[in-house]
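what's the 3D shape of this:
(chains A and B)
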Number of protein chains: 2
Amino acid sequence: MATQAIDSAALIRTLTARLGPGSVLTEAGDIGGYLVETRGLYQGQALAVLRPRDLDEVAFAVRSCAEAGVPIVPQGGNTGLVGGGVPYGGVVLSLARLDRIREVEAVNATITVEAGCILKSVQEAADRAGYLFPLSLASEGSCCIGGNLATNAGGTAVLRYGNMRELTLGLEVVLADGRIWNGLKGLRKDNTGYDLKNLFIGSEGTLGIITAAVLKLFPKAHTRVTAFVGCPSPHHVLKVFERLRERASDQLTAFETMADFGLEIILKHRPAAPRPLSGRHPFYALIELSSSQKDADLQSLMETLLGEGLEEGLIEDAVIGSSEAQSQALWALREDLSEVQRLEGGSIKHDVAVPVSRVAEFIEVATGACEAEMPGIRVCAFGHIGDGNIHFNLSQPVSMDKSAFLARWEHFNRIVHDIVNGMNGSISAEHGIGLIKLDELPHYKDPVALDLMRSIKRTLDPQNILNPGKVVTTRADSPAAFSETAGQS
Amino acid sequence: MATQAIDSAALIRTLTARLGPGSVLTEAGDIGGYLVETRGLYQGQALAVLRPRDLDEVAFAVRSCAEAGVPIVPQGGNTGLVGGGVPYGGVVLSLARLDRIREVEAVNATITVEAGCILKSVQEAADRAGYLFPLSLASEGSCCIGGNLATNAGGTAVLRYGNMRELTLGLEVVLADGRIWNGLKGLRKDNTGYDLKNLFIGSEGTLGIITAAVLKLFPKAHTRVTAFVGCPSPHHVLKVFERLRERASDQLTAFETMADFGLEIILKHRPAAPRPLSGRHPFYALIELSSSQKDADLQSLMETLLGEGLEEGLIEDAVIGSSEAQSQALWALREDLSEVQRLEGGSIKHDVAVPVSRVAEFIEVATGACEAEMPGIRVCAFGHIGDGNIHFNLSQPVSMDKSAFLARWEHFNRIVHDIVNGMNGSISAEHGIGLIKLDELPHYKDPVALDLMRSIKRTLDPQNILNPGKVVTTRADSPAAFSETAGQS
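Now for the predicted structure:
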């Protein structure tokens, strides 16, 4: 296929005839929003944006593109943070119109949803049925379930409920040749052959196009208490975590951390936000206990455990928000952090994980290394300390030129990722590889693992038309005929 | 490779030179135990049994066999229930001597173990470190972690902690060509490319040979209360489960069921076992609540929830075992069930799953269908009702000839599996496919899924030397040269 020229116009005619003109967008004004990465880091290009309405239309579109040898970049809410949804030619396949909640099965505690459902609408549908769908992350008002699945999304509830992979029981997937795999089973146990589901989850649209999923639901939390805690160091934060994990067990539903710098920029840019503790502390923890039992005395449990921490010097100060309003105000401090960082100039970001046992050491060592490399750099370390997952972001020195700072992106990647790698960690904990870490992956990944991944990619997508140039294939691996014509489109 | 004759003697010499004569067993008296399935259903044959001592020896053995085109059947404790460990020629590769606990990382709550570790020894190592490793099943005193991984083992704690797949963070695997994939990371989050780990877990030794794993640990349960409950029907049992799931949430750590026939044969064959309730009831539930909090009042919670069930007529009678001894006595009733069934003559077994919402309906419909097909047949339905996983076993009519009954195996498989399939269920919930369900899989599995599995098998094991004739390849797919010489060995 790679040696013959592609008749793009014929493909567009075929797609328009089947999907209808409203589902095949080609005008620059209509498709512009689908071509840019959410932070403006990448500008893509595409022949067209397809907006199929159901599974059969997705399958038809993929089959047509496969026959023409034209790449397909699937997109949900286009909120990804690694450029995984940016097209370099070919078509964008938007799943946004596959947005039905197909079924809520109360006794099985499952919900069957289509890929284009907004995460928040799935949370709300579960809530209406008397259940909790626990996945929770900053973009939940606009990201889609399909993207959550394609990137194995994480967020603030992973500690207790697991990431998207653990929340998924079954999938429906359109393969690279347009065939449909119906794996929509809502079973807790199924050992009939290889685990295909987990191959597609987290593959960032490079192995198949997820169109629907059966997700797990949980009993609602009827009681909840939140605390904001100041500690002398990340090591002390980690010790507080250890104590809560042992003593509160599954009632510990979140354990987040942030450095003092993070809290200070929130308070600076959100003047309405009250300072949670009277003084400043080097590190903070945001802790949530919750329970489905209406009479669970979480307030006492939190007081006891934090009281012990205060006595032992692990904690310098703490506040407990026991009303829903107080809880929300404390959570807002954490949730606003990504947003306000933009107001502090250029930011070089790392989404990394290390074993939980080394997470405090990682923060300390990496902070020291970056500060030594560039005096005045402002480390904004925060994230899911209970998962060993730190968003180790670097804000530029106050007086530095933004673009001069961002030019050091790869240099700081190397410093931080080398430290992560030395601790047997991961250079992408929850965001994925996409475009942004494409070159970093071969640098750090076990070469045998990389070889296995490439073999699997060739097996499931021999033409390399599913999101080419992402995760394990480079742009040079893109279909040759496509590359030739893409510039002309 | 398939067309040239294999020089078995040369291979054995090569292996003996590197591993030593004590690690390459060829005498009939030495290898007999490795060739038979645990219930005597299959009798295999092998050139030799290899007993390597470490990872490098495993890799050498696999590489040598790959070069010679000789099949390898990996074995742990040889306790599997689907014939997955039975060799038809080639070599058996026993992982039993890779039995080191490599590391317990307390703060990370992980344990790194080799494939040959007995499950019970892993539970004990976790316990000594102050943690719980929750996987629990009947053969835990003799099964190996490698087999638990290869079959994605389930058991009685899946409801709360998940099956082996969910308990695993990282793997070390020897591939079909002898290369080593080091994926031994103890990370809670890692989105760097495709999920290779879950491809090997549950692949029954057909995609690679697992040599070690990083497993999750949990806070120990410091409080526990067990109840044995009599109900009018499986539908009532399911309603009791729903109530406990909602109100006890994660303190509900097990919810098992059995039909009256099961309890009666236990009491008949275990005269020392006390009858738990004064009367007989159509169905029973065995319920466990546990908590890592030392002062959790589980006794009151259990009394409240069961009291409500009694008032509403869901429960006919109940007993709560609050001491450790009482708990163990109640659990013994459940654990002895597989064993005593053997004393009731021939048994045709099904390890099936349906959505939890349909599990009572399944028991009722399938029981009716089997009793209608063969008057006098005694249905022994029991298992993990909270997971939708029923061991739907059929004991022969009392006066029937055992072999005449067992001759109807496939006939009853079809009846039961058709009902399971009609409920979008699984014909193998936790045991796997192995040999015993090899022909059933293509009958029920989605053909696209089956095609994907076969593609993956060809990609990871192009010679088909890893446990050939299991899961997705038939004996006819075995290496041709091997098949020719196997009969001569």
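
can you give me the helices in the stretch 201-350 of chain A?
Using DSSP state H, counting those that start in this stretch, the helices of the stretch 201-350 of chain A run over residues A:234-248, A:260-269, A:298-311, A:324-335, A:337-341.

between the ones you listed, which one is nearest to residue A:199?
Nearest to residue A:199 among the helices of the stretch 201-350 of chain A is helix A:337-341; the distance by CB to CB comes to 30.0 Å. Placement of C-beta: from N, CA and C, glycine included.

And that closest one, what's buried?
A:337-338, A:340-341 (16 or more other CB atoms under 10 Å in any protein chain shown).

So what touches it?
Applying CB atoms under 8 Å, 6 or more residues apart in numbering or on different chains, the external contacts of helix A:337-341 come out as A:138, A:258, A:262, A:265-266, A:268-270, A:347, A:380, A:382, A:391, A:393, A:395.

Using JSON lines, please lay out these together with neighbour count and pLDDT.
Formatted as JSON lines, the contacts of helix A:337-341 follow (neighbours: other CB atoms under 10 Å in any protein chain shown; pLDDT from 0 to 100):
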{"residue": "A:138", "neighbour count": "17", "pLDDT": "90"}
{"residue": "A:258", "neighbour count": "23", "pLDDT": "97"}
{"residue": "A:262", "neighbour count": "27", "pLDDT": "97"}
{"residue": "A:265", "neighbour count": "19", "pLDDT": "97"}
{"residue": "A:266", "neighbour count": "22", "pLDDT": "96"}
{"residue": "A:268", "neighbour count": "12", "pLDDT": "96"}
{"residue": "A:269", "neighbour count": "15", "pLDDT": "96"}
{"residue": "A:270", "neighbour count": "15", "pLDDT": "94"}
{"residue": "A:347", "neighbour count": "18", "pLDDT": "95"}
{"residue": "A:380", "neighbour count": "21", "pLDDT": "97"}
{"residue": "A:382", "neighbour count": "24", "pLDDT": "97"}
{"residue": "A:391", "neighbour count": "22", "pLDDT": "97"}
{"residue": "A:393", "neighbour count": "22", "pLDDT": "97"}
{"residue": "A:395", "neighbour count": "23", "pLDDT": "98"}
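
Go through these and say which is closest to residue B:176.
residue A:391 (38.9 Å).

Give the pairing partners of the helix or strand encompassing that closest one; include direction for each.
Using DSSP states H and E, residue A:391 maps to strand A:389-395. Strand pairing for strand A:389-395, using DSSP bridges, gives strand A:347-348 (antiparallel), strand A:351-353 (antiparallel), strand A:378-384 (antiparallel).

Pick the most buried one from the ones you listed.
Among the strands paired with strand A:389-395, ranked by average contacts under mean count of other CB atoms under 10 Å in any protein chain shown, first place goes to strand A:351-353 (a mean of 28).

re the thing from before, going along the chain from the strand holding residue A:391, find the next helix or strand for me.
Counting by DSSP H and E, what follows strand A:389-395 is helix A:402-406.

What lies in contact with that next one?
A:345-346, A:348, A:396-397.

tell me the two of those that are most distant?
Those two in the contacts of helix A:402-406 that are separated most widely, counting by CB to CB, are A:348 and A:397, at 11.9 Å.

I'd assumed residue A:143 was in contact with residue A:155.
No. Counting by CB atoms under 8 Å, residue A:155 stays clear of residue A:143, with 10.1 Å between them.

Need the residues touching each of these two.
residue A:137.

rewinding a little: among the contacts of helix A:337-341, which one lies nearest to residue B:100?
Closest to residue B:100, out of all of the contacts of helix A:337-341 and judged by CB to CB, is residue A:391, at 36.3 Å.

Roughly how far does the closest one sit from chain B?
Separation of residue A:391 from chain B (CB to the nearest CB, to the nearest Å) stands at 12 Å.

need the contact list for that residue.
So residue A:391 contacts A:338, A:349-351, A:380-383 (CB under 8 Å, 6+ apart).

just residue A:24 next, same as before
Taking CB under 8 Å, 6+ apart, one finds A:12, A:15-16, A:48-51 in contact with residue A:24.

Now rank those by neighbours and give me the top one.
Highest neighbour count within the contacts of residue A:24, by other CB atoms under 10 Å in any protein chain shown: residue A:50, with 28 neighbours.

and it, bridged to which residues?
residue A:24, residue A:93.

thought it was touching residue A:91?
Yes. Counting by CB under 8 Å, residue A:50 touches residue A:91, with 5.5 Å between them.

any common contacting residues for the two?
A:15, A:61.

Strands of the stretch 151-300 of chain A, start to end?
A:168-174, A:180-183, A:209-216, A:218-219, A:223-231, A:252-259, A:283-291 (DSSP state E, counting those that start in this stretch).

Could you identify the most distant pair in the contacts of residue A:24?
A:12 and A:51 (13.6 Å).

Of all residues in the stretch 251-400 of chain A, which one is closest to chain B?
Across the stretch 251-400 of chain A, the shortest distance to chain B (CB to the nearest CB) belongs to residue A:357, at 3.6 Å.

Contact partners for that residue?
Per CB under 8 Å, 6+ apart, neighbours of residue A:357: B:105-108.

Between the two ends of stretch A:438-458, how far is it?
Start-to-end span of stretch A:438-458 (CA to CA, to the nearest Å) is 17 Å.

buried stuff in that stretch?
A:438, A:440-441, A:444-446, A:448-450, A:452-454, A:456-457.

about what we covered before: and the residue of the stretch 251-400 of chain A closest to chain B, which of the three is it?
helix (DSSP: H, G, I helix; E, B strand; the rest coil).

Name the nearest residue to it, ignoring sequence neighbours.
residue B:107 (3.6 Å; CB to CB, 6 or more residues apart in numbering or on different chains).

just residue A:14 next, same as before
residue A:64 (5.3 Å).

Verify the stated contact: that neighbour with residue A:10.
No. The pair residue A:64 / residue A:10 is not scored as a contact, 9.7 Å apart, by CB under 8 Å.

If you count surrounding residues, which of these two has more?
residue A:64 (21 against 11).

Just confirm the more buried one is within a helix.
Yes. Using three-state DSSP, the assignment for residue A:64 is a helix.

Quick check: pLDDT value at it.
Looking at residue A:64, its pLDDT reads 98.

cool, the one 10 residues further on as well?
What the model reports for residue A:74 is a pLDDT of 98.

Got phi/psi on it?
phi -70, psi 150 (degrees, to the nearest 10).

What's opposite it in the beta bridge?
residue A:93.

circling back: format the contacts of residue A:24 as CSV; extra columns: pLDDT.
Putting those into CSV (pLDDT from 0 to 100) gives the following:
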residue, pLDDT
A:12, 97
A:15, 98
A:16, 98
A:48, 98
A:49, 98
A:50, 98
A:51, 98
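
And these, which is closest to chain B?
Distance to chain B across these (CB to the nearest CB) is lowest for residue A:50, with 22.2 Å.

Tell me, how many residues neighbour the closest residue to residue A:359 other than its chain neighbours?
Of all residues not flanking residue A:359 in the chain, residue A:388 sits nearest, at 4.9 Å (CB to CB, 6+ apart). By other CB under 10 Å, 27 other residues sit near residue A:388.

List the contacts of residue A:298.
A:223-225, A:251, A:289-291.

okay if I get these as JSON lines plus neighbour count, distance to chain B and pLDDT?
JSON lines is the format used below for the contacts of residue A:298 (neighbours: other CB atoms under 10 Å in any protein chain shown; distance: CB to the nearest CB, whole Å; pLDDT from 0 to 100):
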{"residue": "A:223", "neighbour count": "17", "distance to chain B": "11", "pLDDT": "92"}
{"residue": "A:224", "neighbour count": "19", "distance to chain B": "13", "pLDDT": "94"}
{"residue": "A:225", "neighbour count": "24", "distance to chain B": "15", "pLDDT": "96"}
{"residue": "A:251", "neighbour count": "28", "distance to chain B": "8", "pLDDT": "92"}
{"residue": "A:289", "neighbour count": "25", "distance to chain B": "11", "pLDDT": "96"}
{"residue": "A:290", "neighbour count": "25", "distance to chain B": "10", "pLDDT": "94"}
{"residue": "A:291", "neighbour count": "23", "distance to chain B": "7", "pLDDT": "92"}
